[in-house]
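1. coordinates only, sequence not included:
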């Protein structure tokens, strides 16, 4: 049986950046990667994050905000922090996973009209997708080199 890589995305509220990364990578990987997200202070999935992904034909209605403690003791191949605060507070996971930090501004902090705020979420989603496409190739190649 081939190892299915596990990836965890972390940000502070697990409301926007990490939720969108989870949804996008799950969609891109088509089940080849076990993807999760969590936050240090979970606050619920931001509705504009869900809407931005829905416009990309990605459904995140089944996703929920989770505290990083829910994953304590679990092993991951890669842990990606998406804000500086999460990087500082990221716990140690067993198995010495690869740790990557991508600092994205919080689209939930953008002020303006709803349309302007939605555009901030869409911009973040596009940037995440741009990074996640090659990231997926690296994760999948890494698994093929690892012993089963």
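-> Received the coordinates, thanks. Remember, predicted model here, so these are calculated numbers, not experimental data.
2. can you list the residues that contact the lowest-mean-pLDDT helix or strand in the chain?
-> Between all helices and strands in the chain, the lowest mean by mean pLDDT, DSSP states H and E belongs to helix 84-89, at a mean of 87. Outside of helix 84-89, the residues within contact range by C-beta atoms under 8 Å, 6 or more residues apart in numbering are 10, 11, 12, 18, 39, 40, 68, 81, 101, 103. All C-beta spots, glycine's among them, are computed from the backbone N, C-alpha and C.
3. mind running it again at 10 Å?
-> Helix 84-89 is contacted by residues 9-14, 17-18, 38-41, 68, 79-81, 83, 99-104, 106 when judged by C-beta atoms under 10 Å, 6 or more residues apart in numbering.
4. The residue nearest to residue 56 when sequence neighbours are not counted: what's it in contact with?
-> Nearest residue to residue 56, sequence neighbours excluded (C-beta to C-beta, 6 or more residues apart in numbering): residue 125, at 6.3 Å. For residue 125, the contacting residues are 16-17, 20-21, 23-24, 49, 51-53, 55-56, 58, 107, by C-beta under 10 Å, 6+ apart.
5. Tell me the predicted confidence for residue 1.
-> In this model, residue 1 is scored at 52, pLDDT.
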